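Visitor: okay, here's the prediction I keep looking at, along with the sequence it came from:
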Amino acid sequence: MSSLSPFIDDHGAEPPKVLLVDDDEVTLMLTAAALRDHGFQIAEAASGEQALRMLAQVAPDVIVLDALMPGMDGFATCEALRALPAFENIPVLMLTGLDDDASINRAYRAGATDFFVKSTQWSLLSGRLRYLLRASRMRLDLERHKARLGRAQDLAKMGSFDWRRSADGRGGTLLMSPEGLRVFGFGPGERLGLHTLLRMVPAESRRNFVRLLRGVLAHSSVLATDVPVTLPDTRLRIVHVEAEPEYNEHGQSIGYTGIVQDVTERRTAEDRIKHLANFDPLTGLPNRHQLIWRTERALQHARRMGHSVALLLIDLDRFKNINDTLGHTAGDELLIEVARRLRGCVRHSDQIMEGAVEAVGPAWHRKLEAVGRLGGDEFVALLPEVGDQRDAERVAQRMLDVMREPIFVGGGEWVVTASIGIAMYPRDGFDVADLMRNSDVAMYAVKNQGKNAAALYSPMLAGRGRERLELESALHKALEREDLVLHYQPKVDVRAARVVGVEALMRWQRGAVLVPPGDFIPLAEETGLIVPMSEWLLREAARQVKAWQLSLGQSLPIAVNMPTRIFERSDLVERIHDALGHYGVAPSSLLLEITENNLMKNLQDVIPSLHRLTEIGIEVSVDDFGTGYSSLAYLGTLPISEVKIDKAFVRELGIAQKGAAVVAAIIALARALGLRVIAEGVESLRQLDELHRLGCSLMQGYQFSRPVPAAEFEQWMRDAQLPRRVPQLGSALELDAADAARAAGGRFV
Ligand code: C2E
Ligand code: CA
Ligand code: CA
């Protein structure tokens with residue numbers, strides 16, 4: 001216990017100071033000398049009174065007091081110095097002449113730290129002093145540490161507690177540290193019993209908390225939980241409680257010690273993060289992640305209990321059109337309103353329950369019921385327990401009904417309809433993925449049959465659904481692997497007897513099969529894949545223009561077919577510009593074709609792009625002209641340069657009188673508006689002749705060439721040996737159509 005080598009544990013500091021108090025001068029002198037020998041600094045006092053006077057000045061580390069002194073004896077001196085603020089904790093060793101219990105007890109009562117029977121065994125005394133000093137320093141450290149801990153705990157809003165079981169084992173005493181009391185809104189001296197504490201837990205959580213405590217106590221297990229409490233000042237806080245059981249030497253549990261911590265802020269932040277991760281920020285509905293989680297839990301429960309689960313996939317009809325017309329802000333507003341209506345159709349519960357779902361009670365799985373948003377205009381309803389398909393159909397019908405009311409956004413009234421696909425566990429699928437896929441299949445069936453309705457999944461639909469999915473993913477890969485190819489068909493000016501350009505038509509080289517655009521372009525448009533495909537198309541066309549410039553010594557403008565979606569891109573013009581710039585070709589080398597239908601349906605979105613395209617010198621042609629319902633007057637105001645007569649009218653030329661009338665009208669209109677006019681689908685000399693007669697000399701069709709790969713087209717150009725010069729206008733009018741055709745694409749006549 002005592003190390004005799006001086007101050008080994010003294011961190012090299014000054015020798016400890018001892019104030020030695022004894023009325024016996026000889027003892028005083030001898031003791032002082034002995035202690036100095038042992039490495040102490042000594043201050044001597046001959047009486048209690050003198051000792052008290054010297055205290056402040058000497059500032060001793062330890063005091064050695066003779067118990068028996070005339071006047072103020074050791075006991076009185078000890079009591080007096082203990083009353084001084086700076087000395088309440090200083091170690092005091094009382095020297096007693098006799099080893100009797102009475103004076104020892106008296107010494108302790110007076111506040112002495114230890115006693116020592118007067119003797120001449122100086123080394124014993126010095127050992128004892130050193131021990132006292134070490135203990136005192138440890139106590140000081142501990143105190144400092146505790147103060148620091150207290151502060152740290154305060155900062156962390158954390159405190160500690162002890163709970164001791166009562167002897168009868170039926171209750172216990174709770175002792176809370178001041179910091180712990182503060183967590184619960186209590187002052188340092190106040191008492192906080194377990195019952196008071198439980199009363200602070202809001203009623204709806206109390207039962208669960210008590211149940212949890214009972215369970216923990218019954219098994220002497222570790223407690224770790226978050227519990228809401230209402231503080232005396234009515235603030236609601238969340239307190240984290242963690243406790244471990246304590247045992248006596250017989251291994252019996254005697255209570256718990258633990259910590260409490262106010263985790264409200266952390267929990268709020270966590271909740272916010274959880275909320276972001278689980279809910280759609282626009283509508284506040286559960287997002288895809290949360291829905292999948294809920295569905296998984298619902299399925300687990302349904303498997304155990306043997307009931308059915310329904311998943312409804314709700315997709316708005318033509319939302320894109322509305323969104324495009326209204327702009328995104330109003331589109332968002334509309335989605336928010338739709339979300340509000342849809343959630344009203346189910347017992348929607350917003351609670352995030354991850355980790356705590358069973359705690360909600362016996363019918364907890366019902367709380368999983370919700371409407372969520374998968375993204376865009378796609379919503380999902382989860383019905384965690386349904387009797388049969390009719391329950392699900394009823395909910396779907398309710399949803400279709402609530403959509404009937406017009407929605408006011410963007411200064412107008414809108415009626416939005418939806419297509420709903422229903423899939424049920426276990427009938428239509430066993431897991432979330434199956435149910436999602438099959439409700440999707442059912443939803444698409446509704447879309448194909450005219451929208452605004454609900455349908456149950458049936459395996460009959462699956463074939464088509466799967467096919468579509470497979471096609472979609474295959475198309476994705478085709479784009480990545482550049483399995484898309486362009487075929488080219490010449491545009492011929494029969495009057496000038498020359499090729500004035502080509503149209504690029506896309507094909508998909510799917511293994512050995514060349515898939516025509518009609519089989520994949522509609523899907524690409526539906527899925528949005530058309531956008532990257534069109535970007536590829538633009539680059540590829542620009543590259544081909546350049547290649548032909550080099551190989552044919554001629555700049556042949558390439559017409560590319562553009563979906564409306566591409567005109568929505570704000571960076572369309574820049575992208576085209578980049579593609580052209582990359583291959584060093586002029587803007588006039590590209591002609592964009594947009595169908596009349598698409599143009600008219602999305603006029604407002606397309607016009608700004610059209611203007612900017614014209615500004616940089618890129619021409620726009622209106623494809624399939626005559627099939628849409630353009631306001632003719634409007635056409636003149638649009639920045640377009642060409643109309644392409646739809647092949648349906650060309651087909652009728654020379655067959656029905658009506659065909660010629662329409663074509664004549666279109667040509668007249670185009671002329672009046674100063675637009676170029678071209679006819680497509682020219683398959684016979686008769687049609688060629690008739691068109692020419694009506695005043696349309698630009699043509700395209702099998703009569704000249706089918707769309708062919710680039711190399712083949714190049715060969716065709718070389719073979720055709722087209723006259724480059726424009727013949728005289730007069731002779732052109734008399735030009736035999738057959739000659740013109742021969743001149744334009746000789747091989748094919
Ligand atoms: P479209 O733009 O009207 O293209 C003309 C279609 O008529 C082409 O069909 C062409 O092969 C065909 N054709 C040409 N001459 C004749 C003829 O004399 N008689 C008949 N009966 N047909 C003729 P294709 O290549 O199957 O393309 C069909 C449609 O697919 C195109 O109609 C166009 O709307 C779309 N498409 C083709 N390529 C692309 C593309 O790269 N992007 C986009 N967005 N759509 C494309
Ligand atoms: Ca076209
Ligand atoms: Ca066309």
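Guide: In hand now; what should we look at? Residues are numbered from 1 along each chain as shown. Ligands and ions are numbered 1, 2, ... in the order given.

Visitor: what secondary structure does the closest residue to Pro517 other than its chain neighbours sit in?
Guide: If you skip the residues right next to it in sequence, Pro517 has Met506 as its closest partner in space, 5.1 Å away by Cβ to Cβ, 6 or more residues apart in numbering. For every residue, glycine as well, the C-beta is placed using N, CA and C. Judged by DSSP: H, G, I helix; E, B strand; the rest coil, the three-state class of Met506 is strand.

Visitor: can you tell me how far Met506 is from ligand 2?
Guide: From Met506 across to ligand 2, the span is 10 Å (Cβ to the ion, to the nearest Å).

Visitor: again, but for Ala524
Guide: To ligand 2, Ala524 is 15 Å away according to Cβ to the ion.

Visitor: cool, and Asp24?
Guide: 124 Å.

Visitor: residues touching the nearest residue to that residue once chain neighbours are set aside, list them.
Guide: Computed as Cβ to Cβ, 6+ apart, the closest residue to Asp24 that is not its neighbour in sequence is Asp66, at 7.1 Å. Residues in contact with Asp66, defined by Cβ atoms under 8 Å, 6 or more residues apart in numbering, are 21-24, 27, 74, 95, 118.

Visitor: can you check the pLDDT for Asp66?
Guide: In this prediction, Asp66 carries a pLDDT score of 92.

Visitor: which positions in the chain make contact with ligand 1?
Guide: Within the chain, the residues that sit near ligand 1 (Cβ under 6 Å from any ligand atom) are 489, 505-506, 516-518, 521, 537, 561, 563, 623-624, 647, 680-683, 701-702, 707.

Visitor: can you list the residues of the protein near ligand 3?
Guide: For the chain, the contact set with ligand 3 under Cβ under 5 Å from the ion comprises 623-624.

Visitor: find the residue at the geometric middle of the chain.
Guide: Residue closest to the average C-alpha location in the chain (Cα atoms, centre = their mean): Ala277, at 4.7 Å.

Visitor: can I assume that residue is in contact with Trp293?
Guide: No: no contact is recorded between Ala277 and Trp293 when judged using Cβ atoms under 8 Å, the distance being 10.4 Å.

Visitor: quick one on the thing from earlier: Val229: which of the contacts of Asp66 is nearest?
Guide: Out of those, the one with the shortest distance to Val229 is Gly74. That distance is 52.2 Å, counting by Cβ to Cβ.

Visitor: was I right to think that closest one contacts Gly97?
Guide: No: in this structure Gly74 lies outside contact range of Gly97 using Cβ under 8 Å: 10.5 Å.

Visitor: quick one, which of these two is more surrounded?
Guide: Gly74 (29 against 13; other Cβ atoms under 10 Å).

Visitor: hey, where'd the strands end up in the stretch 401-550 of the chain?
Guide: With strands called from DSSP state E, counting those that start in this stretch, the stretch 401-550 of the chain shows them at 407-409, 412-414, 418-425, 453-456, 484-493, 498-510, 513-515.

Visitor: just these: most buried one?
Guide: strand 418-425 (a mean of 25; mean count of other Cβ atoms under 10 Å).

Visitor: turn the contacts of Asp66 into a markdown table, columns for secondary structure.
Guide: What follows is the contacts of Asp66, written out as a markdown table (three-state DSSP):
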| residue | secondary structure |
| --- | --- |
| Val21 | strand |
| Asp22 | coil |
| Asp23 | coil |
| Asp24 | coil |
| Thr27 | helix |
| Gly74 | helix |
| Leu95 | strand |
| Lys118 | coil |
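
Visitor: mind checking which of these are buried?
Guide: The neighbour count (16 or more other Cβ atoms under 10 Å) marks 21-23, 74, 95, 118 as buried among these.

Visitor: so which of those comes closest to Trp548?
Guide: Distance ranking of the buried ones among the contacts of Asp66 against Trp548, using Cβ to Cβ, places Val21 first at 115.9 Å.

Visitor: now do the contacts for that closest one.
Guide: Taking Cβ under 8 Å, 6+ apart as the contact definition, Val21 lies against 44-48, 50-51, 63-66, 69, 74, 77.

Visitor: redo the residues you listed as JSON lines? Include secondary structure.
Guide: Formatted as JSON lines, those follow (three-state DSSP):
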{"residue": "Glu44", "secondary structure": "strand"}
{"residue": "Ala45", "secondary structure": "strand"}
{"residue": "Ala46", "secondary structure": "coil"}
{"residue": "Ser47", "secondary structure": "coil"}
{"residue": "Gly48", "secondary structure": "helix"}
{"residue": "Gln50", "secondary structure": "helix"}
{"residue": "Ala51", "secondary structure": "helix"}
{"residue": "Ile63", "secondary structure": "strand"}
{"residue": "Val64", "secondary structure": "strand"}
{"residue": "Leu65", "secondary structure": "strand"}
{"residue": "Asp66", "secondary structure": "strand"}
{"residue": "Met69", "secondary structure": "coil"}
{"residue": "Gly74", "secondary structure": "helix"}
{"residue": "Thr77", "secondary structure": "helix"}
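
Visitor: helix, strand or coil for Gln687?
Guide: With three-state DSSP as the basis, the three-state label of Gln687 is helix.

Visitor: show the contacting residues for it.
Guide: Residues counted as contacts of Gln687 (Cβ under 8 Å, 6+ apart) are 650-651, 653-654, 679, 701, 703.

Visitor: where is pLDDT lowest across those?
Guide: Lowest confidence among the contacts of Gln687: Gly654, with 74.

Visitor: how about that one, phi and psi?
Guide: According to degrees, to the nearest 10, the main-chain angles of Gly654 amount to phi 80, psi -10.

Visitor: where does this protein have low pLDDT?
Guide: Within the chain, the ranges that satisfy pLDDT under 70 run 1-13, 98-100, 351-362, 462-466, 469, 629-633, 721-749.

Visitor: can you measure across stretch 644-660, start residue to end residue?
Guide: End-to-end span of stretch 644-660 (Cα to Cα, to the nearest Å): 15 Å.

Visitor: next, see if it gets close to ligand 2.
Guide: No: looking at stretch 644-660 against ligand 2 by Cβ under 5 Å from the ion, there are no contacts, and the closest approach is 6.6 Å.

Visitor: tally of neighbours for Glu482?
Guide: 10.

Visitor: and it, what does it touch?
Guide: Contacts for Glu482 (Cβ under 8 Å, 6+ apart) come out as Trp536.

Visitor: wasn't Phe116 part of a strand?
Guide: Yes: when the secondary structure is assigned by three-state DSSP, Phe116 falls within a strand.

Visitor: of the contacts of Asp66, closest to Val241?
Guide: Within these, distances to Val241 taken as Cβ to Cβ reach their minimum at Gly74, with 49.4 Å.

Visitor: how far away is that closest one from Phe115?
Guide: Taking Cβ to Cβ, to the nearest Å as the measure, Gly74 and Phe115 are separated by 10 Å.

Visitor: joint contacts of Gly74 and Gly97?
Guide: Residues touching both Gly74 and Gly97 by Cβ under 8 Å, 6+ apart: 67-68.

Visitor: now the strands for the stretch 601-749 of the chain?
Guide: Listed from the start of the chain, the stretch 601-749 of the chain has strands (DSSP E, counting those that start in this stretch) covering 619-625, 642-645, 676-679, 698-699, 708-709.

Visitor: quick one: contacts of the first one?
Guide: For strand 619-625, the external contacting residues (Cβ under 8 Å, 6+ apart) are 557, 559, 561, 588, 590-597, 599, 610, 613-614, 630, 635, 639-646, 666, 678.
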